[in-house]
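# structure, please.
(2 chains)
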Number of protein chains: 2
Amino acid sequence: MPEVHETRRARLRDRVNASGSASALVTRPANVRYLTGVAPPGAALLLGRTEDLLVHGTAPGTSPGAAAADGRPDEALRIHTLPSPGGDPAVAAAGLAAAQGADSLAVEEHHLTVARHRAIGSVAPALRLADVGGAVEQLRVIKDEEEISCLRIGAEIADQALGELLESILVGRTERHLALELERRLVDHGADGPAFRTSVGTGPHSGRRGHRPTDRRVEEGDFLSVCLGATYHGYRCEIGRTFVIGTSPADWQIELYDLVFASQRAGREALVPGAAYRDVDRAARQVLDSAGHTEGLPESTGHGVGLEIDEEPQLAPAAMGKLDACVPVTVEPGVHLPGRGGVRIDDTLVVRPEADGGPELLTITTKELLAL
Amino acid sequence: MPEVHETRRARLRDRVNASGSASALVTRPANVRYLTGVAPPGAALLLGRTEDLLVHGTAPGTSPGAAAADGRPDEALRIHTLPSPGGDPAVAAAGLAAAQGADSLAVEEHHLTVARHRAIGSVAPALRLADVGGAVEQLRVIKDEEEISCLRIGAEIADQALGELLESILVGRTERHLALELERRLVDHGADGPAFRTSVGTGPHSGRRGHRPTDRRVEEGDFLSVCLGATYHGYRCEIGRTFVIGTSPADWQIELYDLVFASQRAGREALVPGAAYRDVDRAARQVLDSAGHTEGLPESTGHGVGLEIDEEPQLAPAAMGKLDACVPVTVEPGVHLPGRGGVRIDDTLVVRPEADGGPELLTITTKELLAL
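Below is the predicted model of the structure:
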């Protein structure tokens, strides 16, 4: 039985050959990992005419985050380590493609720089260079059950980390400390690390997407919004919640929370196979729109997750395409009122057919408005 | 008096014009920050014929790490926010260059992807596209005293974090926890964040450059090697130390430590203005070579630091160029014996003339072999 990465490479090879190229060069790190299971820094994957080759070296730029391959490649993949330091694995791989007798090579033009592309042209002038486009990213959209299982475990870890934080004293602590504490707990519970920089926003910072934690301390009466995620075996998930600090939320806080909650629920409920990306976005967006929150709305109300925290599809007004089953996405509308704060609610879900019970919610922390 | 970023842009403009281009487009984030003081995600800087323009938007890919500008641009810089979401600031900037009447535009071919380069060509077909090369990186090599001051504060923070860790109980704790603890302490002491992923290696993992922390616990008799750094106002420094756990180091540990110490000292002492990069590397390297550690030596024994943790110059056998005063570099030789562990010692120093007292050591934690 062919190994999963070998099967993925076979699918890519079919696409590349169908578009008229004999070989392909994959350089985007998440794509290399998807197709080989390993990701040495700077590595390049050659889907060659006669064999598949993972070329890696130790680029000068990799210190001190350098690390060797973090998995075990399948047996059909040949590994080629650059003999001399400082070489570019992509350029070397192109030379090997030419040596294999390929006359054409499809490269990732959205990842390769102009300078590297030119170096490839110089080392293999007889190769016709084409564009493989987002072919690998497209393959990555629909996840297999093993990938979803990694996301599910990551989501459990994030839920645990968040749940523990909620049991501790929050008033008086800074956004930075809460964020670090969450990241420590993610690792405690077995995450490879945070899936992205943990965001903690208090008071007027609450509800801002991607807010970078500051030294502001949690105060009574604040909204507190938190967005975090775990990476587990390379897969990244995301959860966001907003809480209120103190015993009784103000009327405006309850009202705003209910509104964002309704918007997020509408988005979640729109996650069915066959739904257009833009329709999912519209479902969430129109709830906010109709309440008059037309200013400063996010560009998208959700996005795919996987080996990267923000990947295809985008759930946005201008997005083209339709959801398939087994696509994990976030649904994360929010409203931020300048000077006052706001609310974000963010879940990671997997699109599933209604017959299977509809969307599978991976991040299960309650979405009631908790007063802490 | 012109503001520092304006002066830097003027220097770049001179170089660009001298190489025959009317305007330049800077897209590499650290370069944009160096020239403007701000770094909105995805922003592009146009050094135009008539004015300098910082173009930014909110790219779909920036969630959830998105952040607004983290500084205040100077008054000579005009800010242009893309009106519609999802646009590419670099492409928009090229269109604005054409609208300003430029006939040529130098771009960062080592940073722009082939796809973005093509999009620029489409939006401004009359512009002749040239390569600005590493011109901004070259400007960044020699630091001004304000930049060095940021590095100095970052180094103090890293020293503090490391010093506190050494006062705690280490035996029985995992590499991951020690790394997280160090990162928390960096932030406690005022760092923007870690300068890179903190590396903690115990026992057989010790001495490995860029080792990613695992769940291995510190044991009696281990070498423990730690490499960390703080980011302060965007500037990144690095310190690495190796300790021995328990009361009495083994003979092989003392011997190996003394060797790496001698190598690192030789590297530090070679840091004088006018020294060739490769000669600094050789000074450190030949101490290890002559003791028979020819296998698995690092490619470089040091590198520049600044807005990035690994920037020009590289202190490596094949590096071309000579040190100037006010260039901050690391000196970080190490030896790793497979299965046994090893030693790394890493400092950040600023090259200074002998008349000024020679190299300025920023990371002042002791390099005696401490038994903890």
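
# in CSV, list the C-alpha atoms belonging to stretch A:222-234.
Output in CSV follows, covering the C-alpha atoms of stretch A:222-234 (Å, rounded to 0.1, in the frame of the first residue of the first chain):
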residue,chain,number,x,y,z
ASP,A,222,-13.5,44.9,31.1
PHE,A,223,-14.2,42.8,28.2
LEU,A,224,-11.4,40.2,27.9
SER,A,225,-10.9,38.6,24.5
VAL,A,226,-8.5,35.8,23.9
CYS,A,227,-7.4,34.1,20.7
LEU,A,228,-5.1,31.2,20.8
GLY,A,229,-4.3,27.9,19.0
ALA,A,230,-2.1,24.8,19.3
THR,A,231,0.1,23.2,16.7
TYR,A,232,-0.1,19.5,17.0
HIS,A,233,2.0,17.3,14.6
GLY,A,234,2.3,20.4,12.4
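
# taking the mean pLDDT, what do you get for it?
Per-residue pLDDT over stretch A:222-234 has a mean of 97.

# quick one: low-confidence ranges for the stretch 51-200 of chain A?
Scanning the stretch 51-200 of chain A for pLDDT under 70 picks out the ranges A:58-71.

# one more time with 50, if that's ok
A:59-70 (pLDDT under 50).

# tell me the contacts of the residue nearest the centre of chain A?
Central residue of chain A (Cα atoms, centre = their mean): A:Ile309, 1.6 Å from the mean position. Counting by Cβ atoms under 8 Å, 6 or more residues apart in numbering or on different chains, A:Ile309 makes contact with A:Ala195, A:Phe196, A:Gly229, A:Arg236, A:Glu238, B:Pro64. For glycine as for every other residue, the C-beta is placed from the backbone atoms N, C-alpha and C.

# show me what the closest residue to A:Glu332 other than its chain neighbours is bridged to.
Excluding the flanking residues, the one nearest A:Glu332 by Cβ to Cβ, 6 or more residues apart in numbering or on different chains is A:Asp346, at 3.6 Å. Taking DSSP bridges as the rule, A:Asp346 bridges to A:Gly240.

# ok, A:Asp346 to A:Gly121 distance?
Remark: distance between A:Asp346 and A:Gly121 (Cβ to Cβ, to the nearest Å) = 44 Å.

# for A:Val200, same thing?
As judged by Cβ to Cβ, A:Val200 and A:Gly121 stand 47 Å apart.

# compare those two (neighbour count), which wins?
Per other Cβ atoms under 10 Å in any protein chain shown, whichever of A:Val200 and A:Gly121 has more neighbours is A:Val200, with 28 against 13.

# count of neighbours near A:Gly134?
The tally of other residues near A:Gly134 (other Cβ under 10 Å) stands at 18.

# let me see the contact set for the closest residue in space to it that isn't next to it in sequence.
Leaving aside its sequence neighbours, A:Gly134 sits nearest to A:His110 (Cβ to Cβ, 6+ apart; 6.7 Å). Neighbour list for A:His110: A:Arg28, A:Gly133, A:Gly134, B:Thr113, B:Val114, B:Ala115, B:Arg116 [criterion: Cβ under 8 Å, 6+ apart].

# got CSV for those residues, with distance to A:Asp159 and secondary structure too?
Listed next are those as CSV, based on distance: Cβ to Cβ, whole Å; DSSP: H, G, I helix; E, B strand; the rest coil:
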residue, distance to A:Asp159, secondary structure
A:Arg28, 30, coil
A:Gly133, 36, coil
A:Gly134, 32, coil
B:Thr113, 37, strand
B:Val114, 41, helix
B:Ala115, 38, helix
B:Arg116, 38, helix
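
# mind putting the residues you listed into a markdown table with distance to A:Arg268?
Listed next are the contacts of A:His110 as a markdown table, based on distance: Cβ to Cβ, whole Å:
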| residue | distance to A:Arg268 |
| --- | --- |
| A:Arg28 | 30 |
| A:Gly133 | 31 |
| A:Gly134 | 27 |
| B:Thr113 | 35 |
| B:Val114 | 38 |
| B:Ala115 | 34 |
| B:Arg116 | 35 |
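
# which one of those sits closest to B:Asp258?
A:Arg28 (44.4 Å; Cβ to Cβ).

# against chain B, how distant is the closest one?
According to Cβ to the nearest Cβ, to the nearest Å, A:Arg28 stands 10 Å off from chain B.

# just A:Ala371 next, same as before
A:Ala371 is 25 Å from chain B, where distance means Cβ to the nearest Cβ.

# tell me how many other residues crowd that residue.
Using other Cβ under 10 Å, A:Ala371 has 12 other residues around it.

# that one contacts A:Ser248, correct?
Yes: counting by Cβ atoms under 8 Å, A:Ala371 does reach A:Ser248; the two are 6.9 Å apart.

# and the helices in the stretch 251-372 of chain A?
A:251-269, A:277-290 (DSSP state H, counting those that start in this stretch).

# what's the closest of those to chain B?
helix A:277-290 (11.7 Å; Cβ to the nearest Cβ).

# quick one: mean pLDDT for the closest one?
What helix A:277-290 shows for mean pLDDT is 96.

# could you look up the SS state of the nearest residue to A:Leu127 once chain neighbours are set aside?
Once flanking residues are discounted, A:Leu127 sits nearest to A:Leu105: 4.8 Å by Cβ to Cβ, 6+ apart. Of the three states, A:Leu105 takes strand under DSSP: H, G, I helix; E, B strand; the rest coil.

# list the contacts for the residue nearest to A:Glu332?
Taking Cβ under 8 Å, 6+ apart, we find A:Asp346 in contact with A:Cys227, A:Glu238, A:Ile239, A:Gly240, A:Arg241, A:Gln264, A:Thr330, A:Val331, A:Glu332, A:Gly334, A:Thr363.

# which two among those are spaced furthest apart?
Pairwise over those, using Cβ to Cβ, the maximum falls at A:Gly334 and A:Thr363, 15.3 Å.

# hmm, back to that, which one of the contacts of A:His110 sits closest to B:Thr7?
Closest approach between the contacts of A:His110 and B:Thr7, by Cβ to Cβ: B:Arg116, at 28.6 Å.

# ok, and what's touching stretch A:282-297?
With Cβ under 8 Å, 6+ apart as the criterion, stretch A:282-297 contacts A:259-260, A:262-264, A:266-267, A:269-270, A:301-302, A:315, A:317, A:331, A:333, A:335-336, A:338.

# check stretch A:260-276 too.
Under Cβ under 8 Å, 6+ apart, the answer for stretch A:260-276 is A:242, A:279-281, A:283-288, A:301-302, A:315, A:321-325, A:329, A:331-335, A:342-347, A:349, A:351-354, A:358-359, A:361, A:367, A:369.

# measure A:Thr363 to A:Glu6 for me?
As defined by Cβ to Cβ, A:Thr363 lies at a distance of 32 Å from A:Glu6.

# for A:Val327, same thing?
From A:Val327 to A:Glu6 the distance is 23 Å (Cβ to Cβ).

# kindly report the same for A:Val244.
Applying Cβ to Cβ to A:Val244 and A:Glu6 gives a distance of 51 Å.

# so which of those two has more stuff around it?
The neighbour count for A:Val244 versus A:Glu6, taken as other Cβ under 10 Å, is higher for A:Val244 (23 against 18).

# the residue lying closest to that one once chain neighbours are set aside: what's it in contact with?
In space, and not counting its chain neighbours, A:Val244 is closest to A:Ala371: 5.1 Å by Cβ to Cβ, 6+ apart. Listed by Cβ under 8 Å, 6+ apart, the contact partners of A:Ala371 are A:Phe243, A:Val244, A:Ile245, A:Gly246, A:Thr247, A:Ser248, A:Pro249.
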